[in-house]
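**Q** Sequence below, structure please.
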Amino acid sequence: MIELYKTSKTEIDSLYKQLSNENKEYVKHFTPFKDFDEFNNNVINTENIFNTIKFRKKIIGFVMLRGKSTKQKRLGIYVQSQFANQGYGKIAIELFLKNLKLGAYKIDKVYLKVSKNNISAKKLYKKLGFLIEYEEGNDYIMSIQL
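**A** From the prediction side, this is the model:
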């Protein structure tokens, strides 16, 4: 069973280590943070929403929304490679989007950036209801109306 909850300060180090220790090929399309300080600052920034993803009480990743008061709120997700392609990311995104819509945030539209070469992620996002808005270099900017 997947659990999703607000990331605590005590989990920041663990999440960053997981991300940093991943196979570079696996995370090549996911590089929003250049170092621990930037990661930490993004997690604690009140403009962003970070949720830890747990499976069987083990931290397996996080889902985030950056810029919650901006026009183009950006979704991002990281799931450890050993848990990838098993449906955990899909469940986490569905729960997260539901919480954004129904929770205290009342967010009505969310964007994400996905590499044109990341076929499996693009397929997942389309399955969840995201639509391609436009191209930005080697990426698609996709959105979903909540």
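
**Q** ok, and for the longest strand along the chain, which residues are buried?
**A** Secondary structure of the chain per DSSP state E: the longest strand is strand 58-66. By neighbour count with 16 or more other Cβ atoms under 10 Å, strand 58-66 contains the buried residues Ile59, Ile60, Gly61, Phe62, Val63, Met64, Leu65, Arg66. (C-beta placed from N, C-alpha, C; glycine too.)

**Q** Go through those residues and say which is closest to Gln86.
**A** Minimum distance to Gln86 across the buried residues of strand 58-66 is 9.8 Å, recorded for Ile60 (Cβ to Cβ).

**Q** ok, now how distant is that closest one from Lys9?
**A** For Ile60, the distance to Lys9 equals 19 Å [Cβ to Cβ, to the nearest Å].

**Q** wait, doesn't Gln72 sit right on Val110?
**A** No. Assessed by Cβ atoms under 8 Å, Gln72 is found out of contact with Val110, at 9.0 Å.

**Q** All set now, cheers.
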